[in-house]
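Student: Here's my sequence, what's the structure:
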Amino acid sequence: MKLKNIEFKSSLAEIMPEDHYHHPGLRIARFVFCDDKPNQNGVGVEYEDFAEIIKTSIGTPVKMKFLGQTVSGHLGSVPIGHITNMFENELGDGTHQLIADASLYADDYPDEIDYLEQSFAESKAPGISFEMSYKNDVLKEGVKWLKGLVTRAATFVRDPAYGNRTALLALASNNKMDAETFMKELTALIEMKPITKDEGGNNVTEEEAKKLQDALVEAKERIQELEAEKTTLETTSAELSAKLDVANESLSTYAEKELVSKRTQAVMDAGITVDPAKLEQKQNFWVHLSDEAFAEYVEDLKIATAAATKTATAERKTVGLPRFSGKGDGVEATGDIRSRIASLRNTPLQAE
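Tutor: Model (predicted):
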């Protein structure tokens, strides 16, 4: 498949001519930074924004978090080199790529660089995941295309979102590499053949598997402890709920008795006499009235009692005594009495 725009070098040594000084403490790496297709997370960079990425890429770090036999993700990764160059490439299917060259700090991170060299030789090298800041994004057909880009880093990760599309293409020991190996890896990438077993060297080592198994056992034990605590809490909660129900019932009974006593006294204060045989029935009626209804009930009783008292008083005032006729039974008539009194007035008093 023919490459466009650039001609790949068969050896990274040609990037740095033989007469150029080769720092013994550095290694040269070449990798795909990104392409203009969406990644597995539904995020992508359009070809029209490549210039911004190239412009801000030079000198940015190449990072990795080394776990001893494999790598992790972005979190906790540290710079093990920096990008020295970036350029475009177009594949035969029209896919545009950004290819980056980087210097890796072999003297400062010998274990990391040895791991990369060995895993690359075994076609198990981790892939690249970019780190970029952006101002906004544009959603097109379910893909979020990043805009206003600034390159921050390129990170070797176990499972890159671009899969084997952002693979390590070349790693030159002492700034040189085998041309046949380079072309083999490059051809595999161009033809989109897997160059790693699981997209980015996402291999779980025996040591990691043991740690995961131990963590799983610990998690199961903790789950059992939490289940036991949950059962204890549920039992305690049920007991407390029962006690609370009893307490609420006692309070309710006490409050009801207090209300019965208070309302009975209010009825008595209103001057109402209740038949003892019907008192309990009346009290049950009073206690279920609202405060407003009971107050109105008492007022009605007072009005009815006052009206009944007034009627009784009026009836007593209209009862008259029997009138004397002034005749018969040896009683003098009124007229006779008056005559006698008049005669007494005209009779002179005589001294004895």
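
Student: for this protein, which strand is longest?
Tutor: With DSSP state E setting the assignment, residue counts place strand 78-90 as the longest strand in the chain.

Student: by contact count, what packs against the host helix or strand of A304?
Tutor: Under the criterion of DSSP states H and E, A304 resides in helix 291-317. Other elements packing on helix 291-317 under the criterion 3 or more C-beta pairs under 8 Å, 6 or more residues apart in numbering; DSSP states H and E are helix 206-269. Yep, even glycine has a C-beta here, placed from its N, CA and C like the rest.

Student: between the helix it packs on and helix 291-317, how big is the angle?
Tutor: If you take axes from the mean of the first three to the mean of the last three C-alpha atoms, to 10 degrees, helix 206-269 sits at 10 degrees to helix 291-317.

Student: what does the average pLDDT come to for helix 206-269?
Tutor: Per-residue pLDDT values across helix 206-269 average out to 82.

Student: cool, and stretch 26-36?
Tutor: The average of the pLDDT scores along stretch 26-36 is 94.

Student: Lowest-scoring secondary structure element of this structure by mean pLDDT?
Tutor: For the chain, counting by mean pLDDT, DSSP states H and E, helix 179-190 ranks last in confidence among helices and strands (a mean of 54).

Student: Show the contacting residues for the spatially closest residue to Q40 that is not a sequence neighbour.
Tutor: The spatial neighbour of Q40 that comes closest, neighbours along the chain excluded (C-beta to C-beta, 6 or more residues apart in numbering), is A161 at 4.9 Å. Applying C-beta atoms under 8 Å, 6 or more residues apart in numbering, one finds that A161 lies in contact with 39-41, 43, 129.

Student: picking that back up, helices or strands up against the longest strand of the chain?
Tutor: Contact analysis of strand 78-90 by 3+ C-beta pairs under 8 Å, 6+ apart lists strand 26-35, helix 50-55, strand 61-64, strand 96-105, strand 150-157 as its packing neighbours.

Student: Output these as CSV; include the columns mean neighbour count.
Tutor: As requested, the helices and strands packed on strand 78-90 are arranged in CSV below (neighbours: other C-beta atoms under 10 Å):
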stretch, mean neighbour count
strand 26-35, 24
helix 50-55, 17
strand 61-64, 22
strand 96-105, 22
strand 150-157, 23
